[in-house]
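1. Okay, structure incoming, though there's no sequence with it:
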């Protein structure tokens, strides 16, 4: 499985990588999965400002591109 940055992947490649990761995750113990989930949560929390800023830019771009309704709500 490739560990390329998400921005370098096409949607199809990203989906393929996610599917491959799901096969690996299915073999992990509950303890390992819980540890990974806690680490993911910690990483999200530590990067909250960067993620929020990037999301705001996405919302603004979507509004400029005429996206509205439920699709725009999903970005928020």
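-> Arrived safely, thanks for sending. Treat the numbers as computed from the prediction; the structure is a model and nothing was measured.
2. From here on, just use CA atoms for contacts and neighbour counts.
-> Noted.
3. Now do the helix or strand of the chain with the lowest mean pLDDT: which elements does it pack against?
-> Every helix and strand in the chain was compared by mean pLDDT, DSSP states H and E; the lowest is helix 70-75, with a mean of 88. Here helix 70-75 touches helix 48-64, going by 3 or more C-alpha pairs under 8 Å, 6 or more residues apart in numbering; DSSP states H and E.
4. Buried ones in the host helix or strand of residue 18, by neighbour count?
-> In this structure, residue 18 is located in helix 11-26 according to DSSP states H and E. Going by neighbour count (16 or more other C-alpha atoms under 10 Å), the buried part of helix 11-26 is 14, 17.
5. Please work out which residues outside the helix or strand that that helix is followed by touch it.
-> Heading C-terminal from helix 11-26, the first helix or strand you meet, by DSSP H and E, is helix 30-46. When contacts are defined by C-alpha atoms under 8 Å, 6 or more residues apart in numbering, helix 30-46 is touched by residues 25, 51.
6. Next, the angle from helix 30-46 to helix 11-26.
-> 140 degrees (axes from the mean of the first three to the mean of the last three C-alpha atoms, to 10 degrees).
7. Also compute the angle for helix 30-46 relative to helix 48-64, please.
-> Going by the same axes, to 10 degrees, helix 30-46 makes 70 degrees with helix 48-64.
8. Just the mean pLDDT for the helix holding residue 18, thanks.
-> For helix 11-26, mean pLDDT rounds to 92.
9. and it, what other elements does it pack with?
-> Contacting helix 11-26 under the criterion 3+ C-alpha pairs under 8 Å, 6+ apart is no other helix or strand.
10. what's the spacing between it and its chain's center?
-> In terms of C-alpha atoms, centre = their mean, to the nearest Å, the centre of helix 11-26 is found 12 Å from the chain centre.
11. How about stretch 51-71?
-> Offset of stretch 51-71 from its chain centre (C-alpha atoms, centre = their mean): 16 Å.
12. which residues are contacting that stretch?
-> By C-alpha under 8 Å, 6+ apart, the residues outside stretch 51-71 that reach it are 44, 72, 75, 76.
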